[in-house]
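[1] Requesting a structural model of the entry that follows:
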Amino acid sequence: MSKVVLHVTMSLDGFMAGPDISVEHPMGRGGLRLHDWILNTPASDVDATATQEISASTGAVVLGRRTFDVGVEVWQDTPFPVPCFVLTHNARGRRAMKSGTFTFVTDGLESALQQAEAVADGKDITLMGADIAQQALSAGLLDEINLQLAPVLLGDGRRLFEHLGTEHLELERTRILASPLVTHLRFQVPHARNLLDGTALDYGLETNSRQK
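    As a prediction, the model looks like this:
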């Protein structure tokens, strides 16, 4: 069974992108600084390993329309070489790229996740975009947060954890790694819902079977 995983880099003051996100500035003004750990050449061994793990574990992607709109020209492809599902209000045909296909889903996040589950071949479903992440967390559909914490204060921009509509939630930290550019933190989310049958999973009981 696939896990639903959020891979995201966040500033120390809680922003996953700078202000004024646009096609010209997909990460917002100043937001590209968050991805220094990816763009730095040569990468540290810790950062290179983390990047490889994310790529190797991803079997499908679910992203929001805004993330698609500002990112597709930068990527010139799908963000990962796997099937990608774009959650949108506007129906349109599939868009084939060099490494995968964008499928546009109009009937909600759970439908997008179910379609991604069907093609992920047991690998992770990677989420992209703040709105998608917030919806999944609020609905109990997010299994794991892979958070890269950058040592920078952006001061403004797009916050990751807001509009959650959820009560106090304790996460289980399962890993911490550090490089000069970022701290890699991994958390399991309790009571995430099984996409196949809609039942809740209590990670206090399921950690050994679902953890990598």
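
[2] Helices of this protein, start to end?
    Here the chain has its helices, by DSSP state H, at 36-39, 45-57, 65-75, 109-119, 130-138, 203-210.

[3] Which among those is found nearest to residue 169?
    Of all the helices of the chain, it is helix 130-138 that lies closest to residue 169, at 8.0 Å by Cβ to Cβ. Where you see a C-beta, it was placed from the backbone N, CA and C, and this is true even at glycine.

[4] Which residues does that closest one contact?
    For helix 130-138, contacts defined as Cβ atoms under 8 Å, 6 or more residues apart in numbering pick out 4, 6, 8, 16-17, 62-64, 66-67, 87, 109, 113, 127, 141-142, 158-166, 189.

[5] Name the spans of the chain whose pLDDT lies under the cut-off.
    165-167, 191-212 (pLDDT under 70).

[6] residues near residue 129, how many?
    Number of residues near residue 129 (other Cβ atoms under 10 Å) recorded here: 24.

[7] who touches it in this structure?
    63-64, 66-67.

[8] between those, which is nearest residue 117?
    So of the contacts of residue 129, ranked by how close each gets to residue 117 (Cβ to Cβ), first place is residue 63, at 15.4 Å.

[9] follow-up on the earlier one: report the two of the contacts of residue 129 separated the most.
    Checking the contacts of residue 129 with Cβ to Cβ, the most distant pair is 63 and 66, at 8.9 Å.

[10] Make JSON lines from the contacts of residue 129 and add distance to residue 83 and neighbour count to it.
    Output for the contacts of residue 129, formatted as JSON lines (distance: Cβ to Cβ, whole Å; neighbours: other Cβ atoms under 10 Å):
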{"residue": "63", "distance to residue 83": "12", "neighbour count": "24"}
{"residue": "64", "distance to residue 83": "16", "neighbour count": "20"}
{"residue": "66", "distance to residue 83": "20", "neighbour count": "18"}
{"residue": "67", "distance to residue 83": "16", "neighbour count": "23"}
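
[11] Sweet, I'm off.
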